[in-house]
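> the amino acid sequence is not available; the structure is as follows:
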């Protein structure tokens, strides 16, 4: 499809523009945690968390585009870079340094770097495509809004359900047990996800 490269460029630009609300949200959460826990650590890890979340968001857009283009092996490899790196790099950094939020955040940020390199490698063809016209861009923005609105609500609900078990464990057993539970749950999903 001759317009595929232009559409990929449009999606990348739209995704980067949408990082601004993510930046504000993460900064507010980090500041809230810093105030609530009286610890500036959350402000130090904020840039690492931002990079990690931005890369994960771009990875979802990228794998969706590759899947739509029926590039299934690229989807497979990009997914593996994300899953394996997100699981093992934070643990590796924690084991090499100390078990801390900073070490885990560095591990997630390094994984983000690998994800961004993978995305750049799989989409090099798109950067040579022409930029879409303003009219086409307006049309695509409206299509994304119309199509994506219900999924935004579903995404927020799915996020709440995805982490509800961790919040319950933290409420009953404390932060350390919640962390161990979250790690065990992540490790337990590696093999089924790869299969």
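Noted; the coordinates are in hand. Keep in mind that this is a model prediction, so the values were computed, not measured.
> where does residue 150 sit: helix, strand or coil?
Following DSSP: H, G, I helix; E, B strand; the rest coil, residue 150 is assigned to helix.
> now stretch 77-93: buried residues?
Within stretch 77-93, the residues scored as buried using 16 or more other Cβ atoms under 10 Å are 78-79, 81-83, 85-87, 89-91, 93. Bear in mind the C-beta positions are built from the backbone N, C-alpha and C, glycine included.
> what's the mean pLDDT across stretch 144-151?
Averaged over stretch 144-151, pLDDT sits at 79.
> also stretch 78-91?
Throughout stretch 78-91, pLDDT has a mean value of 80.
> shaky segments in this structure?
Low-confidence regions of the chain, defined here as pLDDT under 70, cover residues 1-2, 193-194.
> hang on, the earlier thing: now, which of the buried residues of stretch 77-93 sits nearest residue 134?
residue 78 (30.7 Å; Cβ to Cβ).
> quick one: contacts for the closest one?
Applying Cβ atoms under 8 Å, 6 or more residues apart in numbering to residue 78 gives the contacts 59, 62-63, 66, 115, 118-119, 122.
> may I ask which helix or strand encompasses the most far-flung residue of the chain relative to its centre?
What lies farthest from the middle of the chain is residue 135; by Cα atoms, centre = their mean that is 29.9 Å. Using DSSP states H and E, residue 135 sits in helix 134-173.
> contact partners for the residue nearest the centre of the chain?
In the chain, the residue lying closest to the centroid (Cα atoms, centre = their mean) is residue 56, at 1.9 Å. Residue 56 makes contact with 82, 86, 112, 115 under the criterion Cβ under 8 Å, 6+ apart.
> do you know how far it is from residue 126?
Distance from residue 56 to residue 126, counting by Cβ to Cβ, to the nearest Å: 20 Å.
> likewise for residue 159?
Distance of residue 159 to residue 126, computed by Cβ to Cβ: 29 Å.
> out of these two, which sits in the busier spot?
residue 126 (18 against 10; other Cβ atoms under 10 Å).
> would you confirm that that one contacts residue 10?
No - counting by Cβ atoms under 8 Å, residue 126 stays clear of residue 10, with 9.8 Å between them.
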